[in-house]
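Engineer: model this:
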Amino acid sequence: MMTARVPLLAVDGGGTKCLAVFADIEGRMLASGKAGSCNYQGTGREAAALELTRAIREAKRRLAASATGCKPPASEAESASLEQKEKVNTAEDEPLHVTCAVFGVAGLDTEYDRQVIEGMVREALAQTQVTADRIVVENDGVAALLGATGGAPGILIIAGTGSIVYGINAQGQSARAGGWGHRVGDEGSGYWIGKQAIHAALRGFDGRGGHTALTGKLLLHLGLRNEEELFNWVYSAEYSVDKTAELARLVTVAEREGDETARLILETAADELLLGARSVLNKLGMAAAPFTVILQGGVLQNNLLVRNRLADAFRSVSPLSQIDEAKKEPIYGVIAQGLRLLPHGN
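Structural biologist: Next comes the predicted model:
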């Protein structure tokens with residue numbers, strides 16, 4: 001039995017979702033698979049490893065379906081002929097070899113994290129029968145930055161479920177700020193914005209803050225009757241980082257409707273992200289240098305107030321910087337890094 005070969009496996013294992021992509025030497029996506037959060041710090045090691053495995057397995061299944069000439073079903077419930085299923089299942093179970101596998105995984109902040117996440121990667125590859133000549137495991141932000149800039153000077157500001165800032169200067173030195181997780185950091189992130197909305201509702205209930213439309217929106221969204229039930233929800237098993245991050249969308253809606261508290265929360269989110277960016281600029285001595293600034297994550301992609309306020313403030317402290325307005329998903333940066341690592345002519 002011959003082992004099938006593909007040039008590149010790129011995985012963006014973020015705090016919200018995991019996306020695995022098989023790509024050719026031109027960076028074209030051959031097949032992809034999605035799963036849930038890969039951040040073991042938020043979901044636990046076993047759950048994160050399972051989602052990583054699920055994403056790769058789904059991408060491999062779709063790759064197998066394409067190779068056998070069978071259109072993959074849009075869902076498990078969608079019908080397919082018995083012959084089609086047998087062909088896909090047979091191809092899916094066969095070993096697959098990639099020249100390079102690049103993993104950008106959230107939560108890789110310390111050497112201990114690296115040991116845990118590299119173990120998750122090895123487990124996921126073994127479970128899906130994928131081998132590689134070269135395996136690269138980086139923090140999801142590092143992989144996206146290196147891929148997007150091609151190693152050129154740049155700053156990457158991520159504000160999704162969590163938040164972090166990475167930078168690399170002309171001398172190849174790198175620095176980061178933030179990314180300390182939801183318990184002690186992630187300022188300006190979707191989780192942080194959602195948590196501030198809960199704070200505002202409870203402060204208003206106490207009389208320590210003014211009325212805000214956020215209270216009604218939170219209660220309706222969560223199916224609760226009053227602020228006391230909101231308090232109980234926060235300390236219940238129902239509470240989670242992802243569910244709290246989803247509340248950021250309600251803050252965006254309230255701000256658009258003219259709610260002052262929502263506006264202040266979003267402005268503060270932008271200001272917190274700027275603090276991280278300025279810290280990285282100072283560490284790397286880049287304030288007076290030309291470089292590209294990449295804004296990624298759901299908050300910066302979808303909330304114009306936060307994005308524009310941050311971009312305008314950043315230009316004032318680093319006038320030669322160029323904001324990358326292309327709203328590319330992080331996976332494209334991971335793919336770009338993988339292409340750079342492929343042996344010439346592969």
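Engineer: burial count for A126?
Structural biologist: The burial count assigned to A126 is 11, neighbours taken as other Cβ atoms under 10 Å. Where you see a C-beta, it was placed from the backbone N, CA and C, and this is true even at glycine.
Engineer: that one - that's part of a helix, no?
Structural biologist: Yes - assessed with DSSP: H, G, I helix; E, B strand; the rest coil, A126 lies in a helix.
Engineer: for it, give its distance to R54.
Structural biologist: Noted for A126: a distance of 14 Å to R54, by Cβ to Cβ, to the nearest Å.
Engineer: the longest helix anywhere in the chain - contacts with which helices or strands?
Structural biologist: Counting by DSSP state H, the longest helix found in the chain is helix 260-284. The contact analysis (3 or more Cβ pairs under 8 Å, 6 or more residues apart in numbering; DSSP states H and E) places helix 260-284 against strand 154-159, strand 163-168, strand 174-178, helix 190-206, helix 248-256, helix 304-317.
Engineer: list the strands paired with the helix or strand containing T99, with their directions.
Structural biologist: In this structure, T99 sits in strand 96-105 according to DSSP states H and E. Strand 96-105 has the following strand partners under DSSP bridges: strand 4-13 (parallel), strand 130-139 (parallel).
Engineer: so what does the helix or strand just after the first one touch, helix or strand wise?
Structural biologist: Next in sequence after strand 4-13, counting helices and strands by DSSP H and E, comes strand 18-23. If you count contacts as 3+ Cβ pairs under 8 Å, 6+ apart, strand 18-23 packs onto strand 4-13, strand 29-35, helix 45-67, helix 330-341.
Engineer: same list (these) but as a markdown table, adding mean neighbour count.
Structural biologist: Compiled in a markdown table, the helices and strands packed on strand 18-23 are given as follows (neighbours: other Cβ atoms under 10 Å):
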| stretch | mean neighbour count |
| --- | --- |
| strand 4-13 | 24 |
| strand 29-35 | 18 |
| helix 45-67 | 21 |
| helix 330-341 | 23 |
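Engineer: okay, the ones you listed in CSV with mean pLDDT and distance to A277 next?
Structural biologist: Formatted as CSV, the helices and strands packed on strand 18-23 follow (pLDDT from 0 to 100; distance: least, Cβ to Cβ, whole Å):
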stretch, mean pLDDT, distance to A277
strand 4-13, 92, 22
strand 29-35, 95, 30
helix 45-67, 93, 28
helix 330-341, 83, 18
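Engineer: before we move on, the earlier item: looking at the strand holding T99 now, give me its mean pLDDT.
Structural biologist: On average, the pLDDT along strand 96-105 is 94.
Engineer: tilt between it and strand 18-23?
Structural biologist: 140 degrees (axes from the mean of the first three to the mean of the last three Cα atoms, to 10 degrees).
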